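Peer 1: sharing a sequence plus its predicted fold:
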Amino acid sequence: MSNTVNDKIKTFDTRTDAKVPVESPLAYTYRNSGAPAPGQASRAVLRERPFLGHLTLRGGAIVLDEALRAVLDMSLPAEPQSLIYDASGERSVQWISPDEWLLIVPGGEEFELENRLREALGDAHFAITNVGGGQTVLDLEGEAASELLMKSVIYDVHPGHFPVGKGVTTVFAKATVILRRPSEARWELVVRRSFADYIYRWLLDAGAEYAIGVEK
Amino acid sequence: MQRYSGFGLVKHALSHHENWQRQWRNPTPKKAYDVIIIGGGGHGLGTAYYLAKEFGIRNVAVIEKGWLGGGNTARNTTIVRSNYLWDEAAALYEHSLKLWEGLSQDINYNVMFSQRGVLNVGHTLQDMRDIQRRVNANRLNGVDSEVLDAKGVQELVPAMDCSKNARYPVMGASWQPRAGVARHDAVAWGFARAADAYGVDILQQTEVTGFKIRDGQIHGVHTNRGDIEAKTVGCVTAGNSGVMAKMAGLKMPMESHPLQALVSEPLKPVLDTVVMSNHVHGYISQSDKGDLVIGAGIDGYNGYGQRGSYPTVEHTLQAIVEMFPSFSRVRMNRQWGGIVDTCPDACPILSKTRVKGLYFNCGWGTGGFKATPGSAHVFAASLAKGEMHPIAAPFSIDRFNTGALIDEHGAAGVAH
Amino acid sequence: MNQLNRLDRGGRVDRSRELSFTFNGQSYRGYAGDTLASALLANGVDIVNRSFKYSRPRGIVAAGAEEPNAVVQLGSSEAGQVPNVRATQQALFDGLAARSTNGWPNVQRDLMGLVGKLGGGFMPPGFYYKTFMAPASMWMTYEKFIRKGAGLGRAPAERDPDTYDHVNRHCDVLVVGAGPAGLSAALAAARSGSLVILADEQEEMGGSLLDSRERLDERPADQWVADVVTELSAMDNVLLLPRTTANGYHDHNFLTLHERRTEHLGETAPEQEGRRPVRSRLHRVRAGRVVLASGAHERPLVYGNNDVPGNLLAGAVSSYIRRYGVVPGSKLVLSTSNDHAYRAALDWLESGRDVVAIADARAEPSGELVEQARAQGIRIIPGAAVIEARGQNRVSGARVARINIDDFRVEDEGELLECDTIASSGGYSPVIHLASHTGARPTWRDDILGFVPSLVAGVQAAGGVQGIYSTPEVLVDGWTAGAEAARAGGFEALEADLPSVEMRRDGEAVALYQVPHQKATLRAPKQFVDLQNDVTAAGIEVATREGFESIEHVKRYTAMGFGTDQGKLGNINGMAIAARCLGRAIPEVGTTVFRPNYTPVTFGAIVGRHCRELFDPKRYTAMHQWHVEHGAEFEDVGQWKRPWYFPRRVQGRQESMHEAVARECRAVREKVGILDASTLGKIDIQGPDAREFLGRVYTNKWAKLAPGRVRYGLMCKDDGMVFDDGTTSCLAENHFLMTTSTGGAATVLEWLELWHQTEWPELEVYFNSVTDHWATLTVTGPEARKLMSEVTDIDLDRDSFKFMDWREGKVADVPARVFRISFTGELAYEINVQANYALHVWETLFAHGEKYELTPYGTETMHVLRAEKGFIIAGQDTDGSVTPEDLGMYWAIGYDKPFSWIGKRALTRPDTARADRKQLVGLKPRDPGVILEEGAQIVFEPEHAIPMPMKGHVTSSYYSPTLDSGFALAVVKGGHHRMGETVYLPMVDGQVHEAEIVSPVFVDPKGERQNV
Amino acid sequence: MFYIYCPYCGEHREEEEFHPKGEAHIARPSDPESCSDEEWGDYLFFRTNPRGIHHEMWIHAVGCRKFFNITRNTASYEILETYRMGEQPSITDDSREPLDVAQARTENTPADNLEGARA
């Protein structure tokens, strides 16, 4: 394990290859609240995509853009609320704030990616923080997905206002979510681990009208 | 002054109510008074009343830019209690509560002070620590106060969910039996009528447009009805104190915020006491008319608009329905906002200023109504003697420079 | 009983669907499409309630939201009770059960009515301010009776079985009201392609067109309505919301629309496909533009006994006949000030019943409708009005006399006309409520005798709300408003496309509010202004005589407009009467401010889904499952559920909290315990100026903290008061990990951002929350090292991994950072692992921990152990009025740091520098068996009379199994210099405890145990 | 409920995403130690609290987490501009009038029509 890039910053690979049990943020919730299987009548379907690599990038847009191009062959979305996926659709980078982006990659890639980005960034003023253990991604699909979101988030999710390729941080009931639209049919909610149970149960409650189902 | 009584009512009924007198005159402003009170709300009218009654100073004008009792006196949720944490605050509010207890008879106007008790409910261990601390302090300050457990709360408030199932179960409460509610408008009208009877001039529709200050001494005010002179001026303009201070060249440690409240439709009696919760953040009582009277904390932004943010109303009703699940099917009739001048320590300012003869009584935040007679009484004493009354003295504006704040925040997030 | 007032044909009810319902226990029948009010009228029910103050019998007056009397209790089951339902807005459903809200023993024969009749004279406005004062001790008894008599319906006693929800919506154009103006506006906006929401409070859209006599494009008006609704409902960019009331108009075009989804189907939401749908839904709408097409309410005339059942609004009479096929009586007298009300007489006549006469206040009525009435042979009495109704429980006659409006007097004796129904109309009041929610003041217009709204940015008004009443003009006005609203949103508006309507020639209306009577107002029969609150013209006159001169005073003194109808019928009349009494014009008396809601809204709908389990998030740590399985009791800390203690079953009995905590404490002091500390806030700090930044926001020094080391820090606000504390570890030269209290996590992060963004943007540093990323497991106790050595590859040697060091390595095969910090005073390892692995690590520790008797402990034990060491909890031992100096933590105050850190300057203010401030000390009760109450007050002179000077209070107090005694932390005035002195704690039960002031460190004062 | 243009996110957002943070442009004295108690008290507690044009700081708490400033009318609640931290407002209350009498009347006194007619 080569955790330290230099003596200024300490990086740390929080993952292990050892065969140890790992629990998603919704593990307790599934046991406690159950997970109705999707059926014919389901107009909304929920699916957790746990254990992805989540990195918070902080810094100036120009240097981060260069580094990202060099390391991941992706450009940094400079426009507010924008969200970019790579060709595989497995990696995304999202504008969060004028000096903050969220990078989500397949689980296990994040540590090496962080180190490579740090190398590419050199002496620039930036920060990269691994937040993967603290967040999870919920996919929401189905014809009633946007209606369900209207019952949950205050942000305008009308397709005219929320096209594919947009992502925002906003209020979800009494919690905060990052809401993204990777494709016409699919919404993603990036939620904090400790709020995942609340958000899940809210969606099940509000989605009962649409016979919401959970894919596990 | 016509004396009000049940017999009087019968007499007037027989004459078809044609002989009721004006409750207060509509006088023309004199050129000069001994004392000018700016602000015809409960505190201002009360100050004039006590100046006349207790200190023999009757050449007094109360200047009101709108209609008397039209500010926060008309817009509050009427809770009266004195179970404040700190000695200074407890002394002030307890002084007030004692005056409330004889007020209707004193001013011969039924202000309907109803001692149905106030519960401050606790939902966490820290809530209960704070409650115990406050109750212990109250008792040593001579304020009636006790700690109840959840069972005790349930007995007093059958409609409340005191079960373990609640998101934040009720752990107990502080209980002040002498606390209660009053009829807010009647306080202003009653003080106005009683002060008027002593010869106090209540000048409605009269707006102060400036202060006459020479050599650091107040000499009177400019108004839209001409200049009026006085060597002693008390400014009691809740919701507008910052503007008045600015007019006098003073700055205040104060911000004005909207404070919202709402009422349900009238219902048959279902709630006998006042219930307040800091933790789930809402309070509720039932008026004599049957309305559930509901409120919460102030809105976060500065505002003089007599309205606040809708989410505040939502959060307040969520708290009420969490505590009283059976009220879910009751309907909300009306909501409104008042303007409260808040100080950083949630305590008022009763103070001299650097202008000699100019006094301010302001910054009551959400606590003004309950303090009405007490504030008026000690402020009158201070104006009469030229020295702050001992109960008022700790509330000097200087405390914001010395650091001697009286921080009631810790004890009452919802400080009504 | 058959529906004696039901016409054989006409109306929009479905006569093929008969519904049964009960009112006051009596069974009746009605039809689908009825409201409860129309069904009651159809069945000839006159008395629907008793009035609030005088207990007078009351009947239905109106046909919509303005109804003041027909307010009933709905519900056949306890949980399904709905208080205060307006019968005019409640659709009839099969099995509906309703009752009057007042009246004893029943609404027909009410004993309180006798009291009202005899005592009415003793109840002028404000009578309660003038009596019930003697003796003072009796007030609460008087009040009990006052309260019993007040109130309308009752709240259910059971939990609401229904659910509610919210929908957040955004649109280009929100149209409020689907009458002619609203439909026209919606059509214009929708055809332009803008996103449109059209909301209407009634059961079906169409508004006044549903009972209009007019023809649109040569067809009945409702056919045009049907066409428009069909077109709009087919459009993707339009949302139609019938049964939806716009109740509140808030800042920046935010409106709340309350959609009643099942209230027309049952008292509780009936099951559909095995699920109970939401009873009602609140749409929270942010609109680009708002078109207010809320129409107008008819004003009744104020005359003697105008409250006797059988007195109705003229427009309501037309509505009942034309919409519901119900004629609410046999013989009609109409009293009007305008042409429009003539519809009522024509509709009545066409129903085959008698119109006795029309009393028209105008000297020479002349409009088209007047001519039609004349042509039909209806008797018109010009220059006259009904001055008094006759009858007890139902109108039996009307006294009609010639009146002189200008002089406010009656010109002749008049005549008594036999009738059972009096319809009246004093003109129309635009529905300005919503517009005035925004704070905009309405303006009086003499030409229409009403207030029209002043408008804030982003809103248009159309039709009746603007005082435009003629249908063709209303349609055009609606279209113009809709097109303009769409254009404002960037859409291209289309040419108007509207049906042709014949323009009706109306005569000019006359201003009439209170009708004069032969007797002076104070002596005349009661002339009601606000029916719900029993406010009369005489009451208003008395109020003005007593000096209540502003309309706000009059309202408050008489209670006018404070009912559930918010004075929709009465306010303008009341204002006019006050103006007359004061000799002023109406606009000089002012208008009152209308507040949300337009009509009352169910609490549940405003609460939505934010109740019960979803009232507030419950935040769980990664080990929550384990805690639940191991019987933890939980404490609410902020939104987190933290294990409070872990009671065991011992000999078939559950341990008490005291027993469990004592056991857990002993385990930590003697063996090893484990705490889930994941809820602590954690902030990752990176950047070359991180160290400088820490030095500015913490009170102590950070310049020399080496990588691998950890330090405790205190944070103050700039007033010098402590607000949070925690440890911060130096991960590398430019990299730190800060911890905060559980409750302080979000506050501290925002605090750091505040200073960085506003004051020191030049400092190169970034802050990121990693609270949820890391789970934190604290292993502490003498056996901690042995246990740790079994599960980690980190060198635990005491000389290489010292107290206040941190190291990285693996714990239970999982990458971990381990911190040797201690909140218990024992040897301790705080393990941070990525949260997804935490349960595994926790369980592995238990797998190895059995031989060391590894004991899970909760927050209560944590508190005892930290208090024994004198460690504070911010927010418990501090309350926003405590400085670092007050805490005696001089070792954590960097007086000589170059930067004047946050909080430093305030410490030298006169009051903050006082020597006798309240200071943190320990308290040792004289009686070791006493556990002082937290919050107990401390005095020096226990014999002092009340009020007793208080010198401090107990902030933390516990039983210490280690000391086998109670002990406490407290703040005491000048406490640091009072060591060894005795203080007293007078308790509620009269006991006075004694305690000695001691050091706050009770266990291991030299700190040897944590250093082992 | 306000609809607030976030100068960093470049679009209007619901008020629920924001928290008000009091008066804007209150700089911490650069040399606190040389401040008198009065000056320090002034910095900590004393505010202009105007009825009318107010410059105030807000944070887009559930959003980009940036602090920024709003120029808002505290009587009408109209938002006149929003601007980034470090920038100066373009709309200010230069009138230096102690009280905007007309505005005070319309916003605070429900019986304003009466007053207006008599004034």
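Peer 2: That came through, no problem. Residues are numbered from 1 along each chain as shown, chains lettered A, B, ... in the order given.
Peer 1: can you tell me the SS state at the residue of the stretch 1-150 of chain B found nearest chain D?
Peer 2: In the stretch 1-150 of chain B, the residue found nearest to chain D is B:Gly66; the distance is 3.7 Å by CB to the nearest CB. Where you see a C-beta, it was placed from the backbone N, CA and C, and this is true even at glycine. Secondary structure for B:Gly66, judged by DSSP: H, G, I helix; E, B strand; the rest coil, is coil.
Peer 1: any idea how many residues pack against it?
Peer 2: 23 (other CB atoms under 10 Å in any protein chain shown).
Peer 1: next, work out how far apart C:Glu298 and B:Gly190 are.
Peer 2: 39 Å (CB to CB, to the nearest Å).
Peer 1: not counting stretch A:90-98 itself, show me its contacts.
Peer 2: A:56-57, A:61, A:68, A:72, A:74, A:76-86, A:101-106, A:109, A:167, A:169, A:178, A:180, A:182, D:8, D:64-66 (CB atoms under 8 Å, 6 or more residues apart in numbering or on different chains).
Peer 1: can you give me the strands for chain D?
Peer 2: D:3-6, D:11-14, D:19-23, D:53-59, D:67-73, D:79-84 (DSSP state E).
Peer 1: and the contacts of the last one?
Peer 2: Right, strand D:79-84. Residues contacting strand D:79-84 (CB under 8 Å, 6+ apart): C:252, D:2, D:4-8, D:53, D:66, D:68-73, D:89-91.
Peer 1: residue numbers of the stretch 551-700 of chain C in contact with chain A?
Peer 2: Contacts of the stretch 551-700 of chain C with chain A, taken as CB under 8 Å from any CB of the partner chain, map to C:609-610, C:613-614, C:616-622, C:624-625, C:640, C:684, C:686-688.
Peer 1: if you set the cut-off to 6 Å instead, what comes out?
Peer 2: Residues of the stretch 551-700 of chain C lying close to chain A by CB under 6 Å from any CB of the partner chain are C:Leu614, C:Pro617, C:Arg619, C:Tyr620, C:His624, C:Gln625, C:Asp684, C:Gln686.
Peer 1: contacting residues around the closest residue to C:Gln3 other than its chain neighbours?
Peer 2: Nearest residue to C:Gln3, sequence neighbours excluded (CB to CB, 6 or more residues apart in numbering or on different chains): C:Ala42, at 4.2 Å. If a contact means CB atoms under 6 Å, 6 or more residues apart in numbering or on different chains, then C:Ala42 has C:Gln3, C:Asn5, C:Arg6, C:Val326 as its contacts.
Peer 1: now tell me which of those residues the prediction trusts least.
Peer 2: For the contacts of C:Ala42, the weakest pLDDT value sits at C:Gln3, with 93.
Peer 1: model confidence score at the nearest residue to C:Thr131 once chain neighbours are set aside, please.
Peer 2: Once flanking residues are discounted, C:Thr131 sits nearest to B:Gly6: 4.5 Å by CB to CB, 6+ apart. pLDDT recorded at B:Gly6 is 86.
Peer 1: returning to that earlier point: just the buried members of the contacts of stretch A:90-98?
Peer 2: A:56-57, A:68, A:72, A:74, A:76-77, A:80-81, A:83-85, A:101-105, A:109, A:167, A:169, A:178, A:180, A:182, D:8, D:64-66 (16 or more other CB atoms under 10 Å in any protein chain shown).
Peer 1: now intersect those with the strands, please.
Peer 2: Reading strands off these with DSSP E, I get A:56-57, A:83-85, A:101-105, A:167, A:169, A:178, A:180.
Peer 1: nearest to C:Asn69, of the residues you listed?
Peer 2: Within these, proximity to C:Asn69 (CB to CB) peaks at A:Thr169, which comes in at 51.3 Å.
Peer 1: pLDDT on stretch C:224-242, on average?
Peer 2: 98.
Peer 1: for that stretch, give me every contacting residue.
Peer 2: Against stretch C:224-242 from outside (CB under 6 Å, 6+ apart): C:183, C:187, C:190, C:195-200, C:205-206, C:209, C:216, C:259, C:499.
Peer 1: how does it look with 8 Å?
Peer 2: Here stretch C:224-242 has contacts from C:169, C:171, C:178, C:183, C:186-187, C:190, C:193-200, C:202-206, C:209-210, C:216-217, C:257, C:259, C:283, C:499, using CB under 8 Å, 6+ apart.
Peer 1: what about the strands in chain A?
Peer 2: Under DSSP E, chain A gives strands at A:45-49, A:53-59, A:83-85, A:92-97, A:100-105, A:126-130, A:135-141, A:166-172, A:175-181, A:186-192, A:213-215.
Peer 1: okay, the angle between the fourth one and strand A:175-181?
Peer 2: This means strand A:92-97. On the basis of axes from the mean of the first three to the mean of the last three CA atoms, to 10 degrees, strand A:92-97 is oriented at 130 degrees to strand A:175-181.
Peer 1: show me the contacts for A:Glu141.
Peer 2: Applying CB under 8 Å, 6+ apart, the residues near A:Glu141 are A:Ala44, A:Val45, A:Arg47, A:Ala185, A:Arg186, A:Trp187.
Peer 1: of all those, which comes closest to C:Val672?
Peer 2: Once CB to CB is applied, the member of the contacts of A:Glu141 that ends up nearest C:Val672 is A:Arg47, at 41.1 Å.
Peer 1: didn't that closest one look like it was pressed against A:Thr136?
Peer 2: No. If you go by CB atoms under 8 Å, A:Arg47 and A:Thr136 don't touch, sitting 11.1 Å apart.
Peer 1: looking at those two, which is more packed in?
Peer 2: A:Thr136 (26 against 15).
Peer 1: now the more buried one: how far from A:Ala27?
Peer 2: A:Thr136 sits 10 Å away from A:Ala27, going by CB to CB.
Peer 1: check C:Arg159 too.
Peer 2: Applying CB to CB to C:Arg159 and A:Ala27 gives a distance of 31 Å.
Peer 1: by mean pLDDT, flag the weakest helix or strand of chain C.
Peer 2: Least confident element among the helices and strands of chain C, by mean pLDDT, DSSP states H and E: helix C:111-119 (a mean of 72).
Peer 1: which parts of chain D sit against chain A?
Peer 2: Counting by CB under 8 Å from any CB, chain D sits next to chain A at D:8-11, D:13-14, D:16-17, D:62-66.
Peer 1: closest to chain A out of those?
Peer 2: For the residues of chain D next to chain A, the nearest to chain A is D:Cys64 (3.8 Å; CB to the nearest CB).
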